[in-house]
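Engineer: pasting the sequence and the predicted model now:
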Amino acid sequence: MSLNQNGGEGDGTEVCSVSHATGSGRAATPAPLELDESQRMGEFFSVLSDPTRLRLISLLYRNEFCVCDLAERLGISESAVSHQLRALRGARLVKYRKEGRQVFYQLHDHHIVELYSTVREHLAEP
């Protein structure tokens, strides 16, 4: 049984004993996310992992819509749209405004617009 550089049992991996991030002229290495922040970010991205929610976001990218228009464009029930919008609202990805009895949804703010646009551009690159 051999030991790696970390003193553990040999599993074919070696641990680098040189710190490459502290060389002269380099910026200080940032600290990793705190656990609670990483959990909140994970939950946020989890909401974005649903294809129906992403399709809703794609419609709301430039326009606001009511539930019935979103349901018609996606070809799913209003109940299903409402369910997905509830999750998007909970993650602060969308917001709504009321006009009489009508409720219109739009992306929450410019951060969400930029996030959607950036991811879409990134995926379109070869």
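Structural biologist: All right, it came through fine. Residues are numbered from 1 along each chain as shown.
Engineer: now do the same contact list for the closest residue to residue 91 other than its chain neighbours.
Structural biologist: Using C-beta to C-beta, 6 or more residues apart in numbering and skipping the chain neighbours, the partner closest in space to residue 91 is residue 47 (4.1 Å). Heads up, the C-betas are built off the backbone N, CA and C, glycines and all. Residues in contact with residue 47 (C-beta atoms under 8 Å, 6 or more residues apart in numbering) are 53, 87-88, 90-91, 93.
Engineer: what about 7 Å?
Structural biologist: 53, 87-88, 91, 93 (C-beta atoms under 7 Å, 6 or more residues apart in numbering).
Engineer: in what helix or strand does it lie?
Structural biologist: Following DSSP states H and E, one finds residue 47 within helix 35-48.
Engineer: so who does residue 85 touch?
Structural biologist: Going by C-beta under 7 Å, 6+ apart, residue 85 touches 56, 94, 105.
Engineer: and if we set it to 10 Å?
Structural biologist: By C-beta atoms under 10 Å, 6 or more residues apart in numbering, the residues touching residue 85 are 53, 56, 60, 67, 70, 93-94, 96, 103, 105.
Engineer: how near is it to residue 124?
Structural biologist: Look at residue 85 and residue 124: by C-beta to C-beta, to the nearest Å, they are 26 Å apart.
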